[in-house]
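>>> please work out how this folds:
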Amino acid sequence: MTTHSRRNALALFAALALPLAGQAADFPTKPIRFVVPYTPGGTTDLVARTVGQKVAELLGQPVVVDNRGGAGGNIGMDLVAKAAPDGYTIGFGAISTNALNPHVYKSMAFDPRRDFSAISLLGTSTIVLEVPASSPIRSVADLVAAAKKTPGLPYATAGAGTSMHLAGVMFAQMTGTELTHVAYKGSGPGITDLLGGTIGAMFDNLPASLPHIQAGRLRALAVAGAARAPSLPDVPTIAETGLKGYAVDPWFGVYGPANLPPAVVQALNKAFTSALAMPEVKEKLLAAGFHPRGSSADELTQLTQSEYQRLGEVARKAGMSVD
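Numbers count the residues shown, from 1 in each chain. Next comes the predicted model:
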């Protein structure tokens, strides 16, 4: 290539890059759609609306929460993966959608390792094992005894392939029981059936169930994490009830489509990490059983990759599979 042609090529590249660079520098100039891949009323919905409101104030544009439930979160996150890489469609990813589901679902429309741009962690949640307050089951030992007496005892979760599903599969494996998984399209419908007595037990993300536990409508038997939940200090971990080594700690993060301009990632990261650090946001989410924590985009990228590998092994050993 001659010097003249090289200069022309560089000039053409610069001309093509200018609109994108200008767009990134001015970001945002219109509302941002925040896709929550679960139905309203669950943990993700609460966090997205609480944090999204503050992000909107910081960026000077509305953040519109768009609930797209189904397929363990895959439907909503596929929408994000296929959106234009301009920052105006972002998604509420999770340990399930971005690390576990590819090892569980036989067909996936996206690959979390290459089809997203990581933006920031949102934090971690606690999974609670619960029954209706009217249930005769008052402890994990009672539930295990009931499951051994009635093989195939059903339990609910917010969806197939979710961290709650993983928690249930691990529980059945470690207790030597046969449980039947009933997948709902989010926490809300599962809780409704639990309260109505249609189903007798549920693994759920704590923020969605906590108000019902505090009101005495649901009974928390144990939490699935490595540590007790600050909002339920008297409720033991499942490991404390006798299942040594049991722990499932779900994490959540903000993702955009692959190839987001670095300036857009930086703007969104700054807004989300700032919002998550606000005392009023932290107080509200902690009270609901969610542990807010922002991160760099690189940290979320590395977490996604490492968890993808780790949970692949877990899913294979547990025999988790969804058509």
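>>> output stretch 171-186 as PDB, restricted to C-alpha atoms.
Provided in PDB are the C-alpha atoms of stretch 171-186 (Å, rounded to 0.1, in the frame of the first residue of the first chain):
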ATOM      1  CA  PHE A 171     -30.800 -30.100  47.900                       C
ATOM      2  CA  ALA A 172     -32.400 -33.300  46.500                       C
ATOM      3  CA  GLN A 173     -29.000 -34.700  45.700                       C
ATOM      4  CA  MET A 174     -27.500 -34.000  49.100                       C
ATOM      5  CA  THR A 175     -30.600 -35.200  51.000                       C
ATOM      6  CA  GLY A 176     -31.100 -38.400  48.900                       C
ATOM      7  CA  THR A 177     -34.600 -37.400  48.100                       C
ATOM      8  CA  GLU A 178     -36.700 -37.400  44.900                       C
ATOM      9  CA  LEU A 179     -38.200 -34.000  44.300                       C
ATOM     10  CA  THR A 180     -40.300 -32.800  41.400                       C
ATOM     11  CA  HIS A 181     -39.400 -29.300  40.000                       C
ATOM     12  CA  VAL A 182     -42.300 -27.100  39.100                       C
ATOM     13  CA  ALA A 183     -41.000 -24.100  37.100                       C
ATOM     14  CA  TYR A 184     -42.900 -20.800  37.100                       C
ATOM     15  CA  LYS A 185     -42.400 -17.700  34.900                       C
ATOM     16  CA  GLY A 186     -41.000 -15.700  37.800                       C
END
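>>> now that stretch: buried residues?
Within stretch 171-186, the residues that qualify as buried are 171, 172, 174, 175, 177, 179, 181, 182, 183, 184, 185, 186, counting by 16 or more other CB atoms under 10 Å. Glycine gets a C-beta too; all of them are placed from N, C-alpha and C.
>>> ok, so of those, who is nearest residue 125?
Using CB to CB, residue 186 comes nearest to residue 125 of the buried residues of stretch 171-186, at 14.1 Å.
>>> quick check: phi and psi on residue 123?
phi 140, psi -160 (degrees, to the nearest 10).
>>> likewise for the one 5 residues further on?
When quoted as degrees, to the nearest 10, the phi and psi of residue 128 stand at phi -110, psi 140.
>>> verify the stated contact: it with residue 232.
Yes. If you go by CB atoms under 8 Å, residue 128 and residue 232 touch, sitting 7.3 Å apart.
>>> anything in contact with each of those two?
Residues touching both residue 128 and residue 232 by CB atoms under 8 Å, 6 or more residues apart in numbering: 206, 210, 213, 220, 223, 289.
>>> quick one: mean pLDDT for stretch 267-283?
For stretch 267-283, mean pLDDT rounds to 97.
>>> who's in contact with it?
Contacts for stretch 267-283 (CB under 8 Å, 6+ apart): 24, 27-28, 50-51, 54-55, 58-59, 87, 90, 119-120, 122-123, 254, 256, 292-297.
>>> mind checking how far that stretch is from the chain centre?
17 Å (CA atoms, centre = their mean, to the nearest Å).
>>> what does stretch 124-139 give?
Put simply, stretch 124-139 sits 20 Å off its chain's centre (CA atoms, centre = their mean).
>>> do stretch 117-125 as well
For stretch 117-125, the separation from the chain centroid amounts to 9 Å (computed by CA atoms, centre = their mean).
>>> just to revisit the earlier point, ok, residue 128 and residue 232, which is more surrounded?
Neighbours per residue (other CB atoms under 10 Å) separate residue 128 from residue 232, with residue 128 holding more: 30 against 18.
>>> now the more buried one: closest residue in space that isn't a chain neighbour?
Counting by CB to CB, 6 or more residues apart in numbering, residue 128 lies nearest to residue 206, which is 4.7 Å off, once chain neighbours are set aside.
>>> residues contacting that neighbour?
Applying CB under 8 Å, 6+ apart to residue 206 gives the contacts 43, 125, 126, 127, 128, 223, 229, 231, 232, 288, 289, 290.
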